[in-house]
Structures are given as structure tokens and as C-alpha cells.
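Engineer: Test case, fold it:
(one chain, ligands or ions: 1)
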Amino acid sequence: MDLESVRDSLIRQEDTIVFSLIERAKFPINSWAYSPPQNGVDAFSASSFLHSFVRESEALHAKAGRYENPEENPFFPDDLPPSMVPTHDYKQVLHPAGSSINVNKTIWDIYLNKLLPLFAAEGDDGNYGLTAACDLACLQAISRRIHYGKFVAEVKFKEAPEEYGPAIRDQDREGLMKMLTFEAVEEMVKKRVEKKAVVFGQEVSLSDDSKGKETYKVDPSVVSRLYEEWVMPLTKQVQVEYLLRRLD
Ligand SMILES: O=C(O)C(=O)C[C@]1(C(=O)O)C=C[C@@H](O)C=C1
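Structural biologist: As a prediction, the model looks like this:
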């Protein structure tokens, strides 16, 4: 594992995220699936259809061994049933002190309250089960990408322990954040995900007469904004949290 290979994984995960958003955009907002909560209520702890759907899906996925994979992080980690599939010997790449970092509560909140309203049309077509299945796919894809920051951080630390060591010993969050930030890479990521939303989300027509009236299944600028405002900042937050514990 090196920085290039972890970045390759992040690039591949962009495809999953863009496609999951395109799938969710087939349905209107369908807000019944999310109520309660009302405004001001903690969206994560208040019970809603989506809440139950995700919790029960995760219990099934846990039995199927999903969370044995260190790249997967459940939204409801408490009381998950044990895996019933043969044990796979996953390579233990992560430092144990940072391996259980979980920012899914924040991801849940951002997805429901900030992202969904930006790309799901208003309305209710009653397809709550299908909508929740799409939400689950979006949440899992975004969560996997953000928590992959643990692997990115591990690789960065292994490549330059002498650079990161002093900032970790000083518990210097700001210093670590500066060291692991590559603005040029972030610019490329934003442009690439926007382009993927254009390419994956366009109407494909066999005739030429569709030229000039491009509409996309998910607004490409929303995907770029998702990355700029939430995905990359949270991936960096995970990296900082991981590094702070890297010498424990
Ligand atoms: O590629 C990296 O070095 C990362 O840490 C990943 C990432 C991202 O989330 O895409 C985050 C921080 C960097 O500034 C650039 C990109």
C-alpha cells in the first residue's frame, strides 16, 4: 500500500458515489421516510423509517461479514450480530488505536439535512422502501470514502514518520492538517467528480439532435460541492484524528 494506490482507491470510489447519487435522484425527496425528526431534533437518534431500515440492513450485513472488513464502518455499531461467514484474514494495516474512528453520525446528518435537499426533487411518490435502499447505498459509499482517510493517513505516516512524529507528540491538530493537505490534489478531485457526474449522468441518445440541451441526472456542481464542502474536509478530519492516535 502506498499513496498512489490509496489515491487510486479513492478515485474508484468516486464512481460508486456518483452512481449512487444518480440512483437516488430517480425518486423525489419522499420526506415521510425521514420523519420524525422535525427541525432541531437529532436526526440520528430520533427514530424514522430510514433509521430502522439502515439499522436492520446493517444487522443483516454484519451477519454476512461486512464489518469484518476494516474499510467498512457501520452507522449503528452497537449490538451488531456476529458474522456467520467463514473468517477472512484481512491484512491489518491500521494502527489499532485509530482503527475504530467513526464519523458516521456527522455523515448521516450532512446527507439528510444538507445534501439530499440539493439534488432530490420535491414531492412524494410513495416509494419509501426503494428510496431508503438508495439512501443506504449513498450513505455507505460516502462513509467508506471518508473513513478511507485512516488508510491514507497510515500510508502518509509510514512514508514520513520523522515528519509527522513531532506534530503527533505535540498533539498539534493544525500542524497535522497542514501537512496532510494537498490543495492541487483537491482541485483535481473536484474537477474530476464534476466531470464524472457529466459523463455518467447524461442522457445517451443515438441521434445528434440532443446536442445543446444537456441535462444531467444529478447536477454536476452539486457533486463537486459535496466533495469540496463535506467529503474532503471529513476525510481530512479522519486523517487528523487517526494521526493523533498513531503513536498511542
Ligand atoms: O490524496 C490525499 O493526499 C488525501 O489526503 C485525500 C484528499 C481527499 O480527500 O481527496 C484529502 C486531503 C488532500 O488535501 C487531498 C486529497
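
Engineer: Give me the distance between residue 54 and the ligand.
Structural biologist: Distance of residue 54 to the ligand, given as Cβ to the nearest ligand atom, to the nearest Å: 24 Å. (Glycine included, C-beta is placed from N, CA and C.)

Engineer: do the same with residue 188
Structural biologist: When distances are taken as Cβ to the nearest ligand atom, residue 188 and the ligand turn out to be 9 Å apart.

Engineer: Tally up the residues packed near that residue, please.
Structural biologist: Neighbours of residue 188 under the rule other Cβ atoms under 10 Å: 13.

Engineer: ok but it is inside a strand, no?
Structural biologist: No - read with DSSP: H, G, I helix; E, B strand; the rest coil, residue 188 is helix and lies in no strand.

Engineer: who's in contact with it?
Structural biologist: Applying Cβ atoms under 8 Å, 6 or more residues apart in numbering to residue 188 gives no contacts.

Engineer: For stretch 167-185, buried residues please.
Structural biologist: By 16 or more other Cβ atoms under 10 Å, the buried positions in stretch 167-185 come out as 167, 168, 172, 176, 177, 179, 180.

Engineer: Adding pLDDT and secondary structure, write these out as JSON lines.
Structural biologist: Listed next are the buried residues of stretch 167-185 as JSON lines, based on pLDDT from 0 to 100; DSSP: H, G, I helix; E, B strand; the rest coil:
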{"residue": "167", "pLDDT": "98", "secondary structure": "helix"}
{"residue": "168", "pLDDT": "98", "secondary structure": "helix"}
{"residue": "172", "pLDDT": "98", "secondary structure": "coil"}
{"residue": "176", "pLDDT": "98", "secondary structure": "helix"}
{"residue": "177", "pLDDT": "98", "secondary structure": "helix"}
{"residue": "179", "pLDDT": "98", "secondary structure": "helix"}
{"residue": "180", "pLDDT": "98", "secondary structure": "helix"}
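
Engineer: quick one: which of those is nearest the ligand?
Structural biologist: Proximity of the buried residues of stretch 167-185 to the ligand (Cβ to the nearest ligand atom) peaks at residue 180, which lies at 5.6 Å.

Engineer: any idea how far that closest one lies from residue 244?
Structural biologist: If you measure residue 180 against residue 244 using Cβ to Cβ, to the nearest Å, the figure is 12 Å.

Engineer: Same question for residue 136.
Structural biologist: Residue 136 sits 31 Å away from residue 244, taking Cβ to Cβ as the criterion.

Engineer: now residue 126
Structural biologist: According to Cβ to Cβ, residue 126 and residue 244 sit 46 Å apart.

Engineer: Looking at those two now, which is surrounded by more residues?
Structural biologist: Counted by other Cβ under 10 Å, residue 126 and residue 244 do not tie: residue 244 has more neighbours, with 19 against 11.

Engineer: does the closest residue to the more buried one other than its chain neighbours belong to a helix or a strand, and which?
Structural biologist: For residue 244, the nearest residue in space outside its immediate sequence neighbours is residue 171; the separation is 6.0 Å by Cβ to Cβ, 6 or more residues apart in numbering. If you go by DSSP states H and E, residue 171 is not part of any helix or strand.

Engineer: quick one: residue 171 and the ligand, what's the gap?
Structural biologist: From residue 171 over to the ligand (counting by Cβ to the nearest ligand atom), the distance is 20 Å.

Engineer: do the same with residue 81
Structural biologist: Distance from residue 81 to the ligand, by Cβ to the nearest ligand atom: 32 Å.

Engineer: Contacts for stretch 142-155 next, please.
Structural biologist: Applying Cβ under 8 Å, 6+ apart, the external contacts of stretch 142-155 come out as 1-3, 6-7, 9-10, 13-14, 16-17, 71-73, 75, 93-95, 98-99, 101-104, 107, 111, 180, 231, 234-240, 242-243, 246.

Engineer: In PyMOL, select just the buried ones from those.
Structural biologist: This is the PyMOL syntax for the buried subset of those, where burial follows 16+ other Cβ under 10 Å:
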select buried, resi 6+7+10+13+14+16+17+71+72+73+75+94+95+98+99+101+102+103+104+107+111+180+231+234+235+236+237+238+239+240+242+243+246
